[in-house]
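Visitor: Any chance you can model this:
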Amino acid sequence: MIDWSECPIVQRNPEYVSGAAALRADPRMTVDHLVQCADDGMPPEEISEAYRVPVATIRLLLDYAAKHRAAAADPRAVHTEVERLAPAHRSADFNPNQPL
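Guide: Residues are numbered from 1 along each chain as shown. So this is what the prediction gives:
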């Protein structure tokens, strides 16, 4: 599970989506769902179009998720892993189901 508490574009509000982490700009859009779409193979541009969320927002969420997943696996590897994955999120060839 990703801790979204430090992500500036995410909020938790008990009045929306049962308090799940959601976009500040759209409190009904859960960020875990957007990340799951990427994990399922949707490129950021397609997620952006399907959910009407700016592609820059999708990329920021994916970068944040990658950073926190790497920290959970190995706290010392956070910066290296994010630097390695961040450019991939900008690529049309990005496949989140590919092994790292």
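Visitor: how far away is Ala21 from Glu45?
Guide: For Ala21, the distance to Glu45 equals 23 Å [C-beta to C-beta, to the nearest Å]. For every residue, glycine as well, the C-beta is placed using N, CA and C.
Visitor: More neighbours: which of the two?
Guide: The residue with more neighbours, out of Ala21 and Glu45, is Ala21; 21 against 14, by other C-beta atoms under 10 Å.
Visitor: what are the ranges of the strands in the protein?
Guide: 10-12, 21-23 (DSSP state E).
Visitor: okay, those, which one's buried deepest?
Guide: With neighbours taken as mean count of other C-beta atoms under 10 Å, the strands of the chain reach their highest mean count in strand 21-23, at a mean of 22.
Visitor: Output the contacting helices and strands for it.
Guide: For strand 21-23, the packing partners by 3 or more C-beta pairs under 8 Å, 6 or more residues apart in numbering; DSSP states H and E come out as strand 10-12, helix 31-39.
Visitor: can you list those in CSV and add mean pLDDT and distance to Ala73?
Guide: Listed next are the helices and strands packed on strand 21-23 as CSV, based on pLDDT from 0 to 100; distance: least, C-beta to C-beta, whole Å:
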stretch, mean pLDDT, distance to Ala73
strand 10-12, 96, 21
helix 31-39, 96, 15
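Visitor: Just name the most buried of these.
Guide: helix 31-39 (a mean of 19).
Visitor: Give me the distance from that one to the chain's centre.
Guide: With C-alpha atoms, centre = their mean, to the nearest Å as the basis, helix 31-39 stands 6 Å off its chain's centre.
Visitor: so what does that helix touch, helix or strand wise?
Guide: Using 3+ C-beta pairs under 8 Å, 6+ apart, helix 31-39 sits against strand 21-23, helix 44-51, helix 55-73.
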